[in-house]
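Asks: My questions concern the predicted model and sequence given below.
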Amino acid sequence: MSSSKDASEVDPKLLEILVCPLTKGPLRYDRARQELVSDQARLAYPIRDGIPIMLVDEARALGDDEGAPPRPGPAAA
Amino acid sequence: MGPNNIAVFDRRALRQRRDRAADRTGFGFLFEAAAERLADRLEDVTRRFPVALELGCRGGLVAPRLAGRGGIERLVASDPSPRFAARAAAPRLAADPEFLPFAPASFDLILGALALHWVNDLPGALLQLRRALRPDGLLLVSLLGGETLRELRQAWMEAELEEEGGVSPRVSPFADPRDLGGLLQRAGLALPVVDSDRLTVTYPDALALMRDLRGMGESNAVAERRRRFTRRATLARAAARYAAAFGRPDGRIAASFEIVTLTAWAPHDSQPKPLRPGSARARLAEALGAAEHSAGDRAAPPADCG
């Protein structure tokens, strides 16, 4: 029931097995926006309170200027 | 979604209904009954399932009933309704069983109590579930069978014919258990077992039954359902028809629910398989002590075959 971890943080092991529900392709974790981005489907699935919402009609369509990872930082998730 | 898809169920209507149901409590008896059956089934299996997924968890259905069964170390909870998912214990997510968001071979076990009866493309969903299983992983899910709410279906049909001169789909269609074994095999699952049992629930009247269905988030979501309000006279007629045909001596009415439980395994070399034709080591005639007569079949198929 009660978890000592921060409830708003998404489970990292869950992220490892998630794929895009439409394309079954890989997802990119955008920590800042709390989104899981499917570059193939051009969709971003929201993470709300640490819960990935993997529903196509809840996803945000990517804009034309959004694409591959903007910053390949060393602390990639 | 696409115009060429035949979608029986309106998935958005379904999710909204589930979201509303997530705000209520006390209506889940049917789901609890189905979850008990799944947990019992797991007791009969000796294999251990470290990583499991619960589909349609409705805030955590099977998890609290497992009591250490199945050797589950990690249970991922998922529901099409984000609000139900938020009530389950972490790790959790919102996902649609028709569009599963899991990488191949992610789970040793997939559980789901009444999680699949709203699916439009059941063969497609089963195929996705099989892919999400590791080799020798177990699929243990239940859905509502065709006997479910047959009384209500009949009462509505009669009332609509009498009051309005036509019928519309009032009660969602359910799967026929006889078709399901074949569907499991077509999805590439091995050793399929389908069994069903019936539950009879009594209500004061048909209106109370309909209220309860709404409370469960299980009222009609057929895409072709009528979007206008039901006429009062038709509703009253349906309730009267129901009471006349399915009333009990104590004045209550009976409603049937059929819970169909599916068990099947992701293929693995260790599983028993049928022998190849012609691989027998002994003759049947010898074992029976009978004389063998040729049936006249050719040993090899004709050259133009296949």
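Replies: Everything's here; your move.
Asks: quick one: the helices in the stretch 151-300 of chain B?
Replies: For the stretch 151-300 of chain B, helices defined by DSSP state H, counting those that start in this stretch occupy the ranges B:177-186, B:206-215, B:232-246, B:284-288.
Asks: quick one: the third one to chain centroid distance?
Replies: Spelled out, it's helix B:232-246. Centroid displacement of helix B:232-246 relative to its chain, using Cα atoms, centre = their mean, to the nearest Å, is 29 Å.
Asks: what does the last one give?
Replies: Between the mean C-alpha location of helix B:284-288 and the chain-wide mean there is a distance of 44 Å, by Cα atoms, centre = their mean.
Asks: Could you point out which of the helices of the stretch 151-300 of chain B sits nearest B:Thr263?
Replies: helix B:177-186 (8.7 Å; Cβ to Cβ). All C-beta atoms are positioned from the backbone trio N, CA, C, and that covers glycine.
Asks: Could you pick out the longest strand of chain A?
Replies: Criterion DSSP state E: the longest strand present in chain A is strand A:43-48.
Asks: In terms of secondary structure, what does that one contact?
Replies: Judged by 3 or more Cβ pairs under 8 Å, 6 or more residues apart in numbering or on different chains; DSSP states H and E, strand A:43-48 is in contact with strand A:35-38, strand A:51-54, strand A:60-61.
Asks: Bridged to the spatially most central residue of chain A, which residues?
Replies: Central residue of chain A (Cα atoms, centre = their mean): A:Leu36, 1.4 Å from the mean position. On the basis of DSSP bridges, A:Leu36 is bridged to A:Tyr29, A:Tyr45.
Asks: residue contacts, it?
Replies: With contacts defined as Cβ atoms under 8 Å, 6 or more residues apart in numbering or on different chains, the neighbours of A:Leu36 are A:Leu15, A:Leu18, A:Leu27, A:Arg28, A:Tyr29, A:Asp30, A:Ala44, A:Tyr45, A:Ile47, A:Pro52, A:Met54.
Asks: try 7 Å this time
Replies: Contacts here follow Cβ atoms under 7 Å, 6 or more residues apart in numbering or on different chains; on that basis A:Leu36 touches A:Leu18, A:Leu27, A:Tyr29, A:Ala44, A:Tyr45, A:Ile47, A:Pro52.
Asks: Out of those, who's the most crowded?
Replies: For the contacts of A:Leu36, the largest neighbour count, defined by other Cβ atoms under 10 Å in any protein chain shown, is 28 neighbours, found at A:Pro52.
Asks: so how far is chain B from that residue?
Replies: As judged by Cβ to the nearest Cβ, to the nearest Å, A:Pro52 and chain B stand 4 Å apart.
Asks: For that residue, give the beta-bridge partners.
Replies: Residues in a beta bridge with A:Pro52, per DSSP bridges, are A:Ile47.
Asks: for chain A, what are the nearby residues on chain B?
Replies: B:12, B:76, B:82, B:85-86, B:89-96, B:99-103, B:106 (Cβ under 7 Å from any Cβ of the partner chain).
Asks: Just the buried ones among these, please.
Replies: Neighbour-count burial (16 or more other Cβ atoms under 10 Å in any protein chain shown) applied to the residues of chain B next to chain A gives B:76, B:82, B:85-86, B:90-96, B:99-102, B:106.
Asks: Report pLDDT for B:Ala85.
Replies: As summarised for this prediction, B:Ala85 has a pLDDT of 92.
Asks: and if you look at B:Ala113?
Replies: The model reports B:Ala113 with a pLDDT of 92.
Asks: Equivalent analysis for A:Ser8, please.
Replies: pLDDT recorded at A:Ser8 is 72.
Asks: Check which helix or strand it maps to.
Replies: Under the criterion DSSP states H and E, no helix or strand holds A:Ser8.
Asks: Find the nearest non-adjacent residue to it, please.
Replies: A:Gly50 (4.8 Å; Cβ to Cβ, 6 or more residues apart in numbering or on different chains).
Asks: neighbours around the one you found, how many?
Replies: Around A:Gly50 sit 20 other residues, with neighbours defined as other Cβ under 10 Å.
Asks: Make sure I have this right: A:Asp57 is in a helix.
Replies: Yes: the assignment for A:Asp57 by DSSP: H, G, I helix; E, B strand; the rest coil puts it in a helix.
Asks: OK, contacts around it?
Replies: Counting by Cβ under 7 Å, 6+ apart, the residues that A:Asp57 touches are B:Arg12.
Asks: and it, what pLDDT?
Replies: 91.
Asks: can you check B:Asp40 too?
Replies: For B:Asp40, the predicted pLDDT is 90.
Asks: Looks to me like it is in a strand.
Replies: No: per three-state DSSP, B:Asp40 lies outside any strand segment and is helix.
Asks: Quickly note the distance from it to chain A.
Replies: Taking Cβ to the nearest Cβ, one finds B:Asp40 at 24 Å from chain A.
Asks: What number of residues are in the vicinity of that residue?
Replies: 12.
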